[in-house]
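*Asks:* the sequence and its predicted three-dimensional model are supplied below.
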Amino acid sequence: MIEAPAPKRRFRMTRRRMILGGTLAGGALVVGYTATHPMQVAGAILQGGGSDPEPSAFGPFIRVTPDGWTTIVNRQQELGQGIHAGMAAMIAEELDADWDRVRVIDAHSNLRAYGMQGSAGSNSIASNWDLMRTAGAAARAMFVAAAAMRWSVPRNLITVRDGVVSHPGSNRSATFAELLAEAARQTPPQQPSLKHPKDYRLIGTDRVRRKDSLPKSTGAQVYTQDVQLPDMLVAMVAHSPRFGGRLAKFDSSDARKVKGVVDVIAIETGVAVVAENTFAARQGRDALRTEWNDSAAETRSTPQLVSYYHDIAAGRTDVEPSEFHSKGEDAAAFGAGTIEFAFDFPYLAHAPMETMDCVAQVDGWDVKIISGSHLPTVDQVQAARVAATIPGRVDVQVIPAGGSFGRRGNLTADYLAECVRIAKRTNGRPVKLIWTREDEQSSGLFRPMAHHRIWVQLGPDGFPARWRHHVVAQSLLPVGPNAQAVEGIATSPYLAAARVVDGKVFSPSFPVPVAFFRSVGHSINGMVMEHAIDQLAKRAGRDPADYRRAMYRRAGAKRHLAVLDELCRKAGWGTPLAAGWARGLAVHEAFGTVVGQVAEVRMQDGRPIVRRVVAVVDCGIAVSPDQIAAQMEGAIGFGLSAALYGAMTLKDGVVQETNFDTYPVVRMNEMPAVETYILPSSNRPTGMGEPGVPPIAPAIANAVLALTGAPTRSLPMLPKGSANFGSGMSPGTTPGATTV
Amino acid sequence: MSYSLTVNGQVRHVDEDGQTPLLWVLRDTLKLPGTKYGCGIAQCGACTVHVDGQPMRSCSLALEAAAGSQIVTIEAVDGPQADAIRDAWVARDVPQCGFCQSGQIMSAVALLRSVPKPTDADIDIAMSGNICRCATYNRIRAAIHDAAGSAQS
């Protein structure tokens, strides 16, 4: 539902809202927060948000209405991962609401009401676990108190189930709707008691189902691309073909002749054509003549960048490394018997099905945004910056996104900021910015390229005793350590078992923009660690599962061990397969979740065919099992595309893969069967949006290693004929590497 | 120039450039946004509609070529196969982001109309033109098999 701009409501922080979850604390439990909390200070500076939530006696996340429905306000962002259902289930469980009469709406951006909003690090369930359950429990207690008062019975003899409050002793009951007025007057308890997981009736069951499957199966779901507002213009922008290029001059005379073109506007990021409809904007954009100044632009080609990275790792450039992990004394001694690995990884584009788009309206100081936002607080701040207003005058109406995988969640909010720049120049008319697939693929903010070099010395027991690891990758953040490039390496159980570790990261800086991509650094480091370990196991003459098991035991990695053991059972590890088939396995922890996968692979015409993937996951308490399975299936398909095909390359600085014809992704005929098994757990929930991605590439590579004896030295595995990427299984892409 | 075409059972007269892709006529002119833009070059299938009963990529079909045809979009596709497909999609919670699903469903309905009991190989052929970046393929496959069963009974 697309709303017309609503009058502003002011949101006041009351004690009630603090308990029920009106939080400035960005996901932390708010009971007991103090006035000096930094987020409160930040909230005051940023003036909270745009339009404030409807006042509710049950706080900003819960609305109970006389029609008997409970509406959950989702402060996270629905990008496809089904988070709306998980958020609602955490509240509905403790509220004992009738799940069949729970609906979910998306929160607008509002720092004061909802805290920092954004979906990152697979943490939506984890970071809302206490807050949502507490909000639900507090609201439940208010209904219990209301019933106790109405019936003059003790609260502890009252039960609640599916939105009905009962006193079995007197055989009385009332629905939430019937008790609504009295419940709303109750004082929420400071610390409502939460259920023991054994009493869950919703969390962890298959009753937790998506609420959006019907509108997404009828064409009724509205995405940003579909927004139509009165007087709205559609914009397309001509961008520099090279990263860092600046507009030198342009001629808009032909563009202005296109029927439906309203204006042509030079903006900071290029030349915008605004028109009455999308096709006119496209034709107008194509009719522009532009010249670009490349003096500060990136003009290298991918093979040069690969060579540059190899030079950096070898210490032949002025890029200085920083240490990310170090232990042991004789870090310098990697002499005879050292085994050397090298890996190369390309840039990757996220390629969500909905290309980047945004609707913006600028009216004086006020900015209204409608977007499939991934980081609403960032989007709000960036929109305010571009519009030269304050975040409190920016209302981001968050609607579901047609995928993101990180692309919509970048810290520059590039496409959204661009839309605001255009909307500043249209005299208050709303603007819908549409990027074509080519625009998006050429826009950068890629998963970084990376080069890894590893030197390992095995101890007499055949396990790594010394591990030197050099990583070359651009940093995702302008300041601070390049932590994303090395995530999952320092914490690896294989390094815990090593006596000497020397980890260094080199972070070159140049104009190709990089950003977060589903599973971020783990998308690379899972492959590096898991494929290296299989090669070491092979060298030691050990079964890959046994080899890992021994190291997990040494490292005390109990969750890895449990995942591995279950994985071997479910996948039939060690049992015979038909001729020509082999299994490969990988286990990797990302964002607190441990995932193991076994892929069944055969080679056909030099390419791996994957028919079945068995996955085991430990993600703590499983809130929404069906969506955990869905995320595992999706992550495997996504990771498989990257493993087989994904590579963004540059020729003289110009992106070569601009659509699905040159950037192939996995299709129906290539999708393996996926079986997902969730380990029972009583630990707090951890994330599921990303951790299924890292293991699939090494699981396949390890199966190929078993089949052919050939290690995979770069991704993607399949030749594309472009640049240095696309022949991962053939030797020679990495000069000087000694493979096992 | 004005073109006539039948969209979802209604004759519509459209005054647009004949080179305008049918996709943008549907979305912008006729305000039927269920059909999506995904790639613009008939690679992804998000824009799939039925043209005289056949699944076609509306991003790559010019208005002048579509004129005179019977167009059916996700908003109006109906009949026993369409009902069975939608029911199966919801029952299995097929969609994730959902953006490609209009096109997936249009391809799946067309498949069931021509092959009532599709094999996995039939599904591979009919559905491989529709990309899903959320990789909901296994649920799509299962839902098509479900629908094939229920549409027949």
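*Replies:* Nice, I can see it.

*Asks:* if you look at the lengthiest helix in chain B, does any of it touch chain A?
*Replies:* Identified as the longest helix of chain B according to DSSP state H is helix B:137-152. Yes: shown here: helix B:137-152 in contact with chain A (C-beta under 8 Å from any C-beta of the partner chain) through B:137-141. Bear in mind the C-beta positions are built from the backbone N, C-alpha and C, glycine included.

*Asks:* how about the residues you listed in JSON lines, adding neighbour count?
*Replies:* Shown next, in JSON lines, are those (neighbours: other C-beta atoms under 10 Å in any protein chain shown):
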{"residue": "B:137", "neighbour count": "28"}
{"residue": "B:138", "neighbour count": "21"}
{"residue": "B:139", "neighbour count": "23"}
{"residue": "B:140", "neighbour count": "28"}
{"residue": "B:141", "neighbour count": "20"}
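
*Asks:* for chain B, give me the ranges with low pLDDT.
*Replies:* B:151-153 (pLDDT under 70).

*Asks:* quick check, nearest of the residues of helix B:137-152 next to chain A to chain A?
*Replies:* residue B:137 (3.9 Å; C-beta to the nearest C-beta).

*Asks:* run a quick neighbour tally on the closest residue in space to the closest one that isn't next to it in sequence.
*Replies:* Leaving aside its chain neighbours, residue B:137 sits nearest to residue A:671 (3.9 Å; criterion: C-beta to C-beta, 6 or more residues apart in numbering or on different chains). Residues near residue A:671, counting by other C-beta atoms under 10 Å in any protein chain shown, number 24.

*Asks:* likewise for residue A:323?
*Replies:* So residue A:323, with other C-beta under 10 Å, has 11 neighbours.

*Asks:* confirm it sits in a strand?
*Replies:* Yes: under the criterion used here (DSSP: H, G, I helix; E, B strand; the rest coil), residue A:323 sits inside a strand.

*Asks:* list the contacts for it?
*Replies:* A:502-504 (C-beta atoms under 8 Å, 6 or more residues apart in numbering or on different chains).

*Asks:* need those residues in TSV with secondary structure, distance to chain B and pLDDT, can you?
*Replies:* Shown next, in TSV, are these (DSSP: H, G, I helix; E, B strand; the rest coil; distance: C-beta to the nearest C-beta, whole Å; pLDDT from 0 to 100):
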residue	secondary structure	distance to chain B	pLDDT
A:502	strand	38	94
A:503	strand	33	95
A:504	strand	35	96
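
*Asks:* in TSV: the residues you listed, plus neighbour count.
*Replies:* Converted to TSV, the contacts of residue A:323 look like this (neighbours: other C-beta under 10 Å):
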residue	neighbour count
A:502	22
A:503	22
A:504	20
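
*Asks:* what are the boundaries of the helices in chain B?
*Replies:* B:22-24, B:63-66, B:80-91, B:101-114, B:120-127, B:137-152.

*Asks:* show me what from the stretch 401-550 of chain A comes close to chain B.
*Replies:* A:401-405, A:434, A:436-438.

*Asks:* which ones among these map onto strands?
*Replies:* residue A:434 (DSSP state E).

*Asks:* of all the residues of the stretch 401-550 of chain A next to chain B, which comes closest to residue A:475?
*Replies:* Nearest to residue A:475 among those: residue A:405, at 19.8 Å, using C-beta to C-beta.

*Asks:* how much space between the closest one and residue A:97?
*Replies:* Taking C-beta to C-beta, to the nearest Å as the measure, residue A:405 falls 32 Å from residue A:97.

*Asks:* return the set of buried residues in stretch A:219-228.
*Replies:* A:219, A:221-227 (16 or more other C-beta atoms under 10 Å in any protein chain shown).

*Asks:* sorry, back to before: residues in contact with the residue nearest to residue B:137?
*Replies:* Here residue A:671 is in contact with A:637, A:640, B:135, B:137-138, B:141 (C-beta under 8 Å, 6+ apart).

*Asks:* circling back to that earlier point, need the contact partners of the longest helix of chain B.
*Replies:* A:630, A:633, A:637, A:666-668, A:671, A:673-674, B:80-81, B:83-85, B:87-89, B:91-94, B:104, B:108, B:111-112, B:116-118, B:120, B:123, B:127, B:132.

*Asks:* which of these are buried?
*Replies:* A:630, A:633, A:637, A:666-668, A:671, A:674, B:81, B:84-85, B:87-89, B:92-94, B:104, B:108, B:111-112, B:118, B:123, B:127, B:132.

*Asks:* just after the helix or strand that contains residue A:570, pick out the following helix or strand.
*Replies:* Using DSSP states H and E, residue A:570 sits in helix A:558-571. As assigned by DSSP H and E, the chain's next helix or strand after helix A:558-571 is strand A:581-590.

*Asks:* using the three-state scheme, assign residue A:141.
*Replies:* helix.

*Asks:* wait, it sits on residue A:192?
*Replies:* Yes: if you go by C-beta atoms under 8 Å, residue A:141 and residue A:192 touch, sitting 5.0 Å apart.

*Asks:* name the nearest residue to the residue of the stretch 51-200 of chain A found nearest chain B, ignoring sequence neighbours.
*Replies:* Nearest to chain B in the stretch 51-200 of chain A, going by C-beta to the nearest C-beta, is residue A:80, at a distance of 3.0 Å. Closest residue to residue A:80 apart from its sequence neighbours, by C-beta to C-beta, 6+ apart: residue B:97 at 3.0 Å.
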